[in-house]
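In: next one to model:
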Amino acid sequence: MTDWTQMTLASFQLSLSRGELSPLDWWRACRERITAVEPTLQAWEFLAPEPTITEHDSRQPRSALCGVPVGIKDIIDTTRMPTTWGTQGYHRVNGADMDAAIVTQLTRLGGLPMGKTVSTEYAYFQPSKTRNPHDPTRTPGGSSSGSAAAVATGMVPVALGTQTVGSIIRPASYCGVVGFKPTHGTLSVAGVKALAPSLDTLGWFTRHMEDTRTLFTILTGSEPITVSTRLDGVRVGLCRVPSDPPPSLETIAALETAAARMAALGAELNPIDLGASFDALVSHQKVILAYEATRALTSERDRFEPSMSPALISLLDEGRNLSLAQYWQSQQAAECSRSTLSQYFAEHFDILLSPSAPGVAPQGLASTGDPVYSRAWTMLGVPCINLPLHWTPQGLPVGIQLIADRYQDQQLLSIASALMP
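Out: Below you'll find the model as predicted:
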């Protein structure tokens, strides 16, 4: 009997080539899993009908995604499925004129969309219906709530997410999966609803580090990533931005576990204090987000304001009250900090080890948790990955975040693979 939880993208393709599995086997296994757990977790906004063999056979053969079920976040345009942008139906189209660029990429490679995963409202903070897979009384995080929960429970092996604040890294930590945010601009966001264009980044969730490497390679057309087995000579900076307040004891334990593992593999670890200017980036990110969101959602507010959540209206009001000078000041702070950070990377470290979230997923569904440890890195556009390396005695995951300089995504994934092969 096939253990689908251990299946990787590459091992599935191998089984297909040997005739051990058929092209729709994984899709059907995932649909059975959805039937079992979706009533509790509510990770899906819409489920696609089963594709036909004829449709599948027309895909490019022997692709790394041939027959692979994929979850599509519900702010990403699809022609054959509705999109609601996490609005609980007040804004809905039954099918876009054109698939988002990333959806076309995935389907050309043989990927099979399983459906649209739940998002928070326009990918901001208003909580969704999705529940944490490890404790349904807790949040799964957001805004990519459904994608993280669906991957964590085996409803799909891969799901798309977006990050404007902390919407990949935080839910990946809360749900106990790999969450990867590449360098800003690496993947096209054409057909993805904008919230703050200078921050919006497309990424994904997987259960296996190998699958994240595979996806990066095939979606970017880059060379296969070398898997590090040792970290001899790798310089690791231990830091968090902002430096205050401190994370929870569970997060500190997760960081200590990761640091010890990296040291055992030969890495050189040193605390890094990036200074007050980097702490200030959290406030600058909030300015950029509010200013750009107000403009990105101008038409939506004009049409749907009475239905919008108070949290979203508050953000848009904040953006209206910001001046162009304030926005430019925050963008200039980001530019300056990118240059400073690149110099730090060149001179002092190869990778940063940082918290993914302040602690375990918070109790209740009234909030998606605090994205404080992602704000600065998202604004700087650097690649980040959450690794689920630590679990509390109560069975709750606590992720750690690894961060590299811009355009060093392959180095980041290589180093991360040493910790989670």
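In: residue 337 is in contact with residue 278, isn't it?
Out: Yes: using C-beta atoms under 8 Å, residue 337 is in contact with residue 278, at 6.3 Å. For the C-beta atoms, the positions are set from N, CA and C on the backbone; glycine is no exception.
In: touching both of these two, which residues are there?
Out: residue 376 (C-beta atoms under 8 Å, 6 or more residues apart in numbering).
In: how about residue 106, what does it touch?
Out: Per C-beta under 8 Å, 6+ apart, neighbours of residue 106: 65, 70, 113.
In: just the ones of those in strands?
Out: 70, 113 (DSSP state E).
In: looking at the contacts of residue 106, which one is closest to residue 80?
Out: Taking C-beta to C-beta as the measure, residue 80 lies nearest residue 113 of the contacts of residue 106, at 7.8 Å.
In: okay, now the closest one: neighbour count?
Out: Using other C-beta atoms under 10 Å, the number of residues around residue 113 comes to 24.
In: same question for residue 15.
Out: By other C-beta under 10 Å, the residues close to residue 15 number 17.
In: give me the element it is part of.
Out: helix 9-17 (DSSP states H and E).
In: tell me what that helix is packed against?
Out: Helices and strands touching helix 9-17, by 3 or more C-beta pairs under 8 Å, 6 or more residues apart in numbering; DSSP states H and E, are helix 209-220.
In: now do the helices in the stretch 301-421 of the chain.
Out: 310-320, 324-347, 375-380, 409-419 (DSSP state H, counting those that start in this stretch).
In: adding mean neighbour count and mean pLDDT, write those out as JSON lines.
Out: Output for those, formatted as JSON lines (neighbours: other C-beta atoms under 10 Å; pLDDT from 0 to 100):
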{"stretch": "helix 310-320", "mean neighbour count": "16", "mean pLDDT": "98"}
{"stretch": "helix 324-347", "mean neighbour count": "15", "mean pLDDT": "98"}
{"stretch": "helix 375-380", "mean neighbour count": "26", "mean pLDDT": "98"}
{"stretch": "helix 409-419", "mean neighbour count": "21", "mean pLDDT": "98"}
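In: those helices: which one's closest to residue 365?
Out: Nearest to residue 365 among these is helix 310-320; the distance by C-beta to C-beta comes to 13.8 Å.
In: count of neighbours near residue 14?
Out: 12.
In: oops, could you answer that again for residue 353 instead?
Out: Other residues close to residue 353 by other C-beta under 10 Å number 22.
In: now the one 4 residues further on
Out: When neighbours are counted by other C-beta under 10 Å, residue 357 registers 31.
In: what's the answer for residue 122, then?
Out: Count around residue 122 with other C-beta under 10 Å applied: 27.
In: what about it, distance to residue 291?
Out: Going from residue 122 to residue 291 by C-beta to C-beta, to the nearest Å gives 16 Å.
In: cool, and residue 306?
Out: 24 Å.
In: more neighbours: these two, which one.
Out: Of the pair residue 306 and residue 291, residue 291 is the one with more neighbours under other C-beta under 10 Å, namely 24 against 7.
In: need the residues that contact the strand or helix carrying the more buried one.
Out: Element membership for residue 291, per DSSP H and E: helix 281-296. Helix 281-296 is contacted from outside by 124, 164-165, 194-199, 241-242, 315-316, 318-320, 322, 326-327, 329-331, 333-334, 337, 372, 375-376, 378-380, using C-beta under 8 Å, 6+ apart.
In: one step back: in the helix holding residue 15, what's buried?
Out: 9, 12, 13, 15, 16 (16 or more other C-beta atoms under 10 Å).
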